[in-house]
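Undergrad: Predicted model, plus sequence, below.
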Amino acid sequence: MRDFSVRPEIQDFAPYVPGLTIEQIQERYGLNTVIKLASNENPLGTSPLVQKAIAKNAARAFRYPENHSPRLVKAIAQTAGVSEDCILVGNGSDEIIDMLFRMKGIPGKSNVVCYENSFAMYRMCAKLTDLEYREIPRDDDLELPLAAMAEAADENTAMVIVTSPDNPTGLAATVDDLSVLAGVLPKDCLLVVDEAYIEFAWPPESYSPVQAFDLFENLVALRTFSKAYGLAGLRVGYGILPPKLAALMKNARIPFTVNLLAEEAALAALEDEVFFNETLQLVMHGREYFTEELTRLGCKVWPSQSNFVMFEPPKPAQTVFKALLKKGIIVRPLGSFGLGTCIRVNVGTNAENTTFIKKLEDILNG
Ligand SMILES: *Cc1c(COP(=O)(O)O)cnc(C)c1O
């Protein structure tokens, strides 16, 4: 086979490692039922209103969608309480992250400030765009190191990125802490808050700076339909950005990244308050149950504002992970996040949660 040359920074790229799929585990261990609690997907599945909307619009799939999804932008603006010119809808919030790196960073010159043990996308994007990746260390409890991030930012810092609620710890920064950070950053530096899990933070007014969006000049919030709205497979997310930045990004992006069915599905998901509220209720109940039970089983557990819980089991995490797989339960070991002793488990249905705890108990007592 022929070798083709690519830019040197891409030669030794560490790929994004997704969670295992149910089919892979069924095949590997000859299991009929497999429970997946590894990718923070919605335990209730896809809303019935969304399924109807997709079916209803299936015959329109031969049409191009409207560029920038203006109907969805309008609905999101209403839900989020911001003006429409702040919103940029993308192919998952991953697309907005990718665009921010490419449009805000100057290759070979800019840097991006992040912290250890965070979402792999940021490091990948920094590498791909040739930006310096400044990774701020965290203490043993993995608190979000916001003060140290502010100190690390300089006149070449394109963005400071905070995931809140954080993946994989579940910890969240308060509005007050984020406001302080936004206020001390250099003039041209954005504070990017990845709010992929913000719907699960309680009470919401303590955590999302978006409620006071007009008071910030440098805030970008990233949100997604993949988690609380159950549309991970359709790929829709959005950014809430300073309007001037949103306009520049609209001009420069490739057209039609959000497909027609995804837009209809996201519109239906915003309409379905029953499904959304059931999701929140299930998640909040489930994370409390996990926190209590995992503590009872002798695990160290991080307090979660998200739809998953991170824990450190009293036995090696890889051993526990593999034993759970054999019993048909997929969780996420966190070696790829640099947290090799920890596991992340997302809230499932009540039945799935109970099964997980029971099997884990067997493994830890075995
Ligand atoms: C899931 C997730 C996202 C969003 O993913 P998309 O499916 O691309 O919208 C973004 N950031 C973090 C930290 C996540 O966990």
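TA: The structure has been received and is ready for your questions.

Undergrad: Show me which residues of the stretch 151-300 of the chain are close to the ligand?
TA: Thr163, Asn167, Asp194, Ala196, Thr224, Ser226, Lys227, Ala232, Gly237 (CB under 6 Å from any ligand atom). (C-beta placed from N, C-alpha, C; glycine too.)

Undergrad: Once you drop chain neighbours, what's closest to the second one?
TA: Distance criterion CB to CB, 6 or more residues apart in numbering; nearest residue to Asn167, sequence neighbours excluded, is Phe119 at 5.6 Å.

Undergrad: next one: the last one
TA: Spatially, and ignoring its direct neighbours in sequence, Gly237 is nearest to Ser93 (3.0 Å; CB to CB, 6+ apart).

Undergrad: And Ala265, how far from the ligand?
TA: 13 Å (CB to the nearest ligand atom, to the nearest Å).

Undergrad: How about Val309?
TA: Following CB to the nearest ligand atom, the distance that separates Val309 from the ligand is 14 Å.

Undergrad: Spell out which helix or strand contains that residue, please.
TA: Secondary structure from DSSP states H and E places Val309 in strand 308-312.

Undergrad: Can you point out the buried residues in the helix or strand following that strand?
TA: Using DSSP H and E, the helix or strand that follows strand 308-312 towards the C-terminus is helix 317-326. Neighbour counts over helix 317-326 (16 or more other CB atoms under 10 Å) mark Ala317, Val320, Phe321, Ala323, Leu324, Leu325 as buried.

Undergrad: For the stretch 151-300 of the chain, which segments count as strands?
TA: Using DSSP state E, counting those that start in this stretch, the strands of the stretch 151-300 of the chain run over 157-163, 190-194, 219-224, 237-240, 300-301.

Undergrad: Reformat those as JSON lines; add mean pLDDT, mean neighbour count and distance to Leu360.
TA: Putting the strands of the stretch 151-300 of the chain into JSON lines (pLDDT from 0 to 100; neighbours: other CB atoms under 10 Å; distance: least, CB to CB, whole Å) gives the following:
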{"stretch": "strand 157-163", "mean pLDDT": "98", "mean neighbour count": "25", "distance to Leu360": "26"}
{"stretch": "strand 190-194", "mean pLDDT": "98", "mean neighbour count": "26", "distance to Leu360": "29"}
{"stretch": "strand 219-224", "mean pLDDT": "98", "mean neighbour count": "25", "distance to Leu360": "28"}
{"stretch": "strand 237-240", "mean pLDDT": "98", "mean neighbour count": "26", "distance to Leu360": "32"}
{"stretch": "strand 300-301", "mean pLDDT": "98", "mean neighbour count": "16", "distance to Leu360": "12"}
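
Undergrad: Indicate which one of these is closest to Val89.
TA: Across these, Val89 has its closest neighbour in strand 237-240 (4.6 Å, CB to CB).

Undergrad: Please report how far His285 lies from Val193.
TA: 26 Å (CB to CB, to the nearest Å).

Undergrad: Please apply the same query to Ala153.
TA: Ala153 is 15 Å from Val193, by CB to CB.

Undergrad: likewise Asn57?
TA: In this view, Asn57 and Val193 are 32 Å apart by CB to CB.

Undergrad: Show the contacting residues for the residue of the stretch 1-150 of the chain found nearest the ligand.
TA: In the stretch 1-150 of the chain, the residue that lies nearest the ligand is Gly92 (2.5 Å; CB to the nearest ligand atom). With contact set as CB atoms under 8 Å, 6 or more residues apart in numbering, Gly92 has these partners: Thr224, Ser226, Arg235, Val236, Gly237.

Undergrad: I'd say the third one and Val89 touch.
TA: No. Taking contacts as CB atoms under 8 Å, Arg235 lies outside contact range of Val89: 10.7 Å.

Undergrad: So if I had to pick from these two, which one is more boxed in?
TA: Val89 (23 against 19; other CB atoms under 10 Å).

Undergrad: Could I get the full set of helices for the stretch 251-366 of the chain?
TA: 260-271, 273-296, 317-326, 350-365 (DSSP state H, counting those that start in this stretch).

Undergrad: Let me know which of those is the nearest to Glu205.
TA: helix 273-296 (15.0 Å).

Undergrad: Please name every helix or strand in contact with that closest one.
TA: strand 300-301, strand 308-312, helix 350-365 (3 or more CB pairs under 8 Å, 6 or more residues apart in numbering; DSSP states H and E).

Undergrad: at 10 Å instead, please
TA: The helices and strands touching helix 273-296, judged by 3 or more CB pairs under 10 Å, 6 or more residues apart in numbering; DSSP states H and E, are helix 48-57, helix 260-271, strand 300-301, strand 308-312, strand 339-346, helix 350-365.

Undergrad: Direction-wise, compare that helix with strand 339-346 and give the angle.
TA: 140 degrees (axes from the mean of the first three to the mean of the last three CA atoms, to 10 degrees).

Undergrad: So which bits of helix 273-296 are buried?
TA: 275-276, 279, 282-284, 286-287, 289-291, 293-294.

Undergrad: Stretch 23-31 now?
TA: Neighbour counts over stretch 23-31 (16+ other CB under 10 Å) mark Ile25, Leu31 as buried.

Undergrad: wait, isn't Glu151 in contact with Val184?
TA: Yes. At 9.1 Å, Glu151 and Val184 qualify as touching, with contact defined as CB atoms under 10 Å.

Undergrad: Please say which of those two ends up with more neighbours.
TA: Taking neighbours as other CB under 10 Å, Glu151 and Val184 compare with Val184 leading, 15 against 12.

Undergrad: Could you pull up the residues touching the more buried one?
TA: Leu146, Ala147, Met149, Ala150, Glu151, Ala153, Leu191 (CB atoms under 10 Å, 6 or more residues apart in numbering).
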